[in-house]
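Asker: task: produce atomic coordinates for the following.
(one chain, ligands or ions: 2)
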Amino acid sequence: MAEAKVLSGAGLRGQVAGQTALSTVGQAGAGLTYRGYDVRELAADAQFEEVAYLLLYGELPTKAQLADYQGKLSKLRDLPQALKEVLERIPADAHPMDVMRTGCSFLGNIEPEKDFSEQRDKTDRLLAAFPAIMCYWYRFSHDGKRINCVTDEQSIGGHFLHLLHDKKPSELHVKVMNVSLILYAEHEFNASTFTARVCASTLSDLYSCVTAAIGSLRGPLHGGANEAAMEMIERFSSPEEAIKGTLGMLERKDKIMGFGHAIYKDSDPRNEVIKGWSKKLADEVGDKVLFAVSEAIDKTMWEQKKLFPNADFYHASAYHFMGIPTKLFTPIFVCSRLTGWAAHVFEQRANNRIIRPSAEYTGVEQRKFVPIERR
Ligand SMILES: CCC(=O)SCCNC(=O)CCNC(=O)[C@H](O)C(C)(C)COP(=O)(O)OP(=O)(O)OC[C@H]1O[C@@H](n2cnc3c(N)ncnc32)[C@H](O)[C@@H]1OP(=O)(O)O
Ligand SMILES: O=C([O-])CC(=O)C(=O)O
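Answerer: Numbering: from 1, shown residues only. Ligands and ions are numbered 1, 2, ... in the order given. As a prediction, the model looks like this:
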């Protein structure tokens with residue numbers, strides 16, 4: 001029989017591992033704030049670029065600052081030819097998160113961060129270029145098309161949809177992308193951000209920090225859960241089937257992706273926001289199955305386990321209704337969370353000590369070395 005898992009203290013749960021002025025997660029009142037602003041207010045009224053500016057530059061921009069910032073980002077969207085050639089060599093069956101990791105890392109070779117004084121400019125470049133890295137590879141490997149990486153879309157979300165679908169996105173879809181990018185932007189010491197900070201603490205460069213963070217976000221217990229949730233939802237063709245299937249998974253002690261959270265105990269404040277937009281999109285496309293299936297799983301999980309949907313669960317159906325292929329879900333998360341990762345790298349660099357915790361040794365007692373011929 002497998003030994004019982006020792007959970008107390010595992011995963012550094014509940015331990016303060018450093019300080020941040022960027023966000024609060026799971027504190028009384030607003031469940032999530034970015035530099036003091038409730039994420040729900042930001043998602044309702046701000047543009048993603050305003051939130052990126054807030055995280056990276058410290059305060060919300062004025063109208064003129066936002067226009068300048070969006071103008072700057074628009075000019076940084078195109079990809080160097082050498083990067084396009086690398087993307088063209090990545091096969092169609094590669095995981096797009098691996099493509100993002102490679103794209104980010106390769107850009108770090110040809111446009112390196114030579115000095116920390118460049119950190120904001122390098123972040124802006126990545127923010128502008130990530131949608132094209134994802135879509136250039138996707139459209140080339142899947143449709144055989146070398147797309148133009150520049151569009152006249154003002155927003156990053158609109159730019160991404162335009163590159164992906166080769167047409168101007170609807171206002172509703174641009175709005176939902178904007179909301180989604182805001183909701184995913186920052187979340188304190190989650191696994192991928194902590195990865196970025198550990199890397200930054202060695203005084204490594206920004207691209208290494210972001211590449212490492214992409215690797216952490218990829219896993220299904222973190223950002224990869226939105227794709228895993230979609231794969232689960234799609235298996236059911238009615239709410240009744242979904243309830244039966246969910247009960248079966250719980251009985252088999254399967255993990256239900258898109259549910260539960262390491263910090264939030266009763267609800268994830270981002271969920272109600274993206275759920276509302278997913279419903280609007282379901283109505284727009286005339287969906288009669290996916291949203292109802294999602295709600296049935298949601299209700300069953302609460303009734304059976306008191307587990308609630310996290311930000312990833314209703315993102316799955318929302319993205320699907322906008323015609324986004326499932327395997328691009330987590331890369332979109334990268335386009336957003338880059339802002340949080342980079343802001344944490346800046347914060348770590350501003351007050352750095354190498355992150356190096358201790359381990360409790362559980363191995364054998366010290367013993368005498370036995371030469372190989374006597375073993
Ligand atoms: C938005 C970006 C994000 O990264 S949000 C997280 C995305 N990940 C997922 O949705 C993956 C599914 N969820 C999980 O694996 C966990 O809930 C995560 C998020 C990893 C948190 O883990 P941890 O802090 O260990 O959970 P916990 O201590 O609250 O667990 C208590 C008991 O409940 C169980 N549990 C938890 N989540 C689920 C789930 N989704 N499906 C089924 N069971 C779940 C745990 O296994 C644990 O049970 P037990 O006490 O070991 O019997
Ligand atoms: O905070 C966490 O552990 C995971 C999460 O929700 C996020 O990174 O958005």
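
Asker: could you use CA atoms for every contact and neighbour count after this?
Answerer: Fine.

Asker: can you pull out the helices in the stretch 251-375 of the chain?
Answerer: Ranges of helices within the stretch 251-375 of the chain are 269-285, 290-305, 313-321, 329-350, based on DSSP state H, counting those that start in this stretch.

Asker: most tightly surrounded among those helices?
Answerer: The highest mean neighbour count among those, using mean count of other C-alpha atoms under 10 Å, belongs to helix 313-321: a mean of 26.

Asker: and it, what does it pack onto?
Answerer: Contacts defined by 3 or more C-alpha pairs under 8 Å, 6 or more residues apart in numbering; DSSP states H and E place helix 313-321 against helix 225-233, helix 269-285, helix 290-305.

Asker: go again with 10 Å.
Answerer: In terms of contacts (3 or more C-alpha pairs under 10 Å, 6 or more residues apart in numbering; DSSP states H and E), helix 313-321 is packed against helix 171-184, helix 225-233, helix 269-285, helix 290-305, helix 329-350.

Asker: same question for the second one, mean pLDDT?
Answerer: Mean per-residue pLDDT for helix 225-233: 97.

Asker: pull up the per-residue confidence for Gly29.
Answerer: Gly29 carries a pLDDT value of 68.

Asker: mind checking which of the helices and strands packed on helix 313-321 is nearest Asp78?
Answerer: Among those, helix 329-350 comes nearest to Asp78, with 15.2 Å by C-alpha to C-alpha.

Asker: and the closest one with ligand 1, contact?
Answerer: No: using C-alpha under 6 Å from any ligand atom, helix 329-350 stays clear of ligand 1, with a minimum separation of 8.7 Å.

Asker: now do that helix against helix 225-233, angle only.
Answerer: 160 degrees (axes from the mean of the first three to the mean of the last three C-alpha atoms, to 10 degrees).

Asker: now the angle from helix 329-350 to helix 313-321?
Answerer: In terms of direction (the same axes, to 10 degrees), helix 329-350 departs from helix 313-321 by 130 degrees.

Asker: pLDDT below threshold where in the protein?
Answerer: Counting by pLDDT under 70, the chain shows low-confidence ranges at 1-8, 29.

Asker: by proximity to ligand 2, which residue of it wins?
Answerer: Of the chain, the residue with the smallest distance to ligand 2, taken as C-alpha to the nearest ligand atom, is Asn190 at 4.0 Å.

Asker: quick check: that residue touching Leu221?
Answerer: No: look at Asn190 against Leu221 with C-alpha atoms under 10 Å: they stay out of range, at 11.2 Å.

Asker: hang on, the earlier thing: mind putting the helices and strands packed on helix 313-321 in TSV, distance to ligand 2 included?
Answerer: Below are the helices and strands packed on helix 313-321 laid out as TSV (distance: least, C-alpha to the nearest ligand atom, whole Å):
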stretch	distance to ligand 2
helix 171-184	6
helix 225-233	10
helix 269-285	9
helix 290-305	17
helix 329-350	8
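
Asker: can you list these in TSV and add distance to Pro91?
Answerer: TSV is the format used below for the helices and strands packed on helix 313-321 (distance: least, C-alpha to C-alpha, whole Å):
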stretch	distance to Pro91
helix 171-184	27
helix 225-233	20
helix 269-285	32
helix 290-305	30
helix 329-350	16
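
Asker: out of the helices of the stretch 251-375 of the chain, nearest to Arg252?
Answerer: Within the helices of the stretch 251-375 of the chain, the stretch nearest Arg252 is helix 290-305; the backing value is 13.5 Å (C-alpha to C-alpha).

Asker: run the angle between the closest one and helix 313-321 for me.
Answerer: Here the directions of helix 290-305 and helix 313-321 differ by 170 degrees (the same axes, to 10 degrees).

Asker: other SSEs contacting helix 290-305?
Answerer: For helix 290-305, the packing partners by 3+ C-alpha pairs under 10 Å, 6+ apart come out as helix 225-233, helix 239-251, helix 269-285, helix 313-321.

Asker: in this protein, where's the longest helix?
Answerer: Taking DSSP state H as the criterion, the chain has its longest helix at helix 119-143.

Asker: buried set for that one?
Answerer: Within helix 119-143, the residues scored as buried using 16 or more other C-alpha atoms under 10 Å are 119-120, 122-141.

Asker: does Ser216 really touch Thr195, like I thought?
Answerer: Yes: counting by C-alpha under 10 Å, Ser216 touches Thr195, with 7.0 Å between them.

Asker: which residues are common contacts for these two?
Answerer: Taking C-alpha atoms under 10 Å, 6 or more residues apart in numbering as the contact rule, Ser216 and Thr195 both touch Val210.

Asker: tell me the spacing between the nearest residue to Leu54 once chain neighbours are set aside and Tyr69.
Answerer: Of all residues not flanking Leu54 in the chain, Leu60 sits nearest, at 4.6 Å (C-alpha to C-alpha, 6 or more residues apart in numbering). Look at Leu60 and Tyr69: by C-alpha to C-alpha, to the nearest Å, they are 12 Å apart.

Asker: what do the two both touch?
Answerer: Here Leu60 and Tyr69 share the contacting residues 49-50, 52-53, scored by C-alpha under 10 Å, 6+ apart.

Asker: give me the neighbour count for Asn201.
Answerer: Quick fix: residue 201 is Ser, not Asn. 19 (other C-alpha atoms under 10 Å).
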